[in-house]
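[1] Predicted model follows, preceded by the sequence.
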Amino acid sequence: QVQLVESGGGLVQPGGSLRLSCTASGSISSIYAMGWYRQAPGKQRELVARHINGDSANYADSVKGRFTISRDNAKNTVYVQMNSLTPEDTAVYFCYAEGVVLSTTWSVGDYWGQGTQVTVSS
């Protein structure tokens with residue numbers, strides 16, 4: 001199976017920065033895309049940023065210019081650098097991996113991490 005482990009969440013003051021990391025482990029042959037969603041209390045889960053093989057990235061309008069997603073394919077790891085954070089960025093951030101091909105069965109699936117809390121508050 002595949003496990004996604006996130007790290008880097010925490011409490012930060014408005015205007016501050018955080019860097020989230022997520023590593024996928026298991027019998028992985030390849031991953032089509034990795035990225036981040038977030039869910040604030042009482043709100044639906046929303047896409048934050050997505051990185052597709054070939055170095056293509058998508059961002060939510062609310063984070064464009066402030067967040068930067070990057071990926072290390074050799075380590076099956078995705079990062080998101082979050083700058084100029086505001087209280088509206090407070091949420092649980094979930095890592096996901098899309099189009100994961102398992103080297104043992106050649107099956108393809110999507111996987112989610114457990115989430116990491118990001119709180120922006122003074």
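    Ah, there it is.
[2] what sits opposite residue 98 in the beta ladder?
    Legend: beta-bridge partners of residue 98 under DSSP bridges are residue 33.
[3] okay, it: pLDDT?
    Residue 98 is assigned 96 on the pLDDT scale.
[4] how far away is it from residue 110?
    5 Å (Cβ to Cβ, to the nearest Å). From N, CA and C alone the C-beta is placed, and that goes for glycine too.
[5] So for the two, which residue has more residues nearby?
    residue 98 (16 against 13; other Cβ atoms under 10 Å).
[6] The more buried one touches residue 37, doesn't it?
    No: using Cβ atoms under 8 Å, residue 98 is not in contact with residue 37, being 11.1 Å away.
[7] Would you state the strands of the chain in chain order?
    2-7, 10-12, 18-26, 28-39, 46-52, 56-59, 67-72, 77-82, 91-102, 108-112, 116-120 (DSSP state E).
[8] quick one, which of the ones you listed is packed in tightest?
    Neighbour counts (mean count of other Cβ atoms under 10 Å) averaged over each of these peak at strand 77-82, with a mean of 22.
[9] contacts for that one?
    With contact meaning Cβ atoms under 8 Å, 6 or more residues apart in numbering, strand 77-82 is reached by 17-24, 34-36, 48-49, 51, 63, 66-72, 89, 93, 95, 97, 118.
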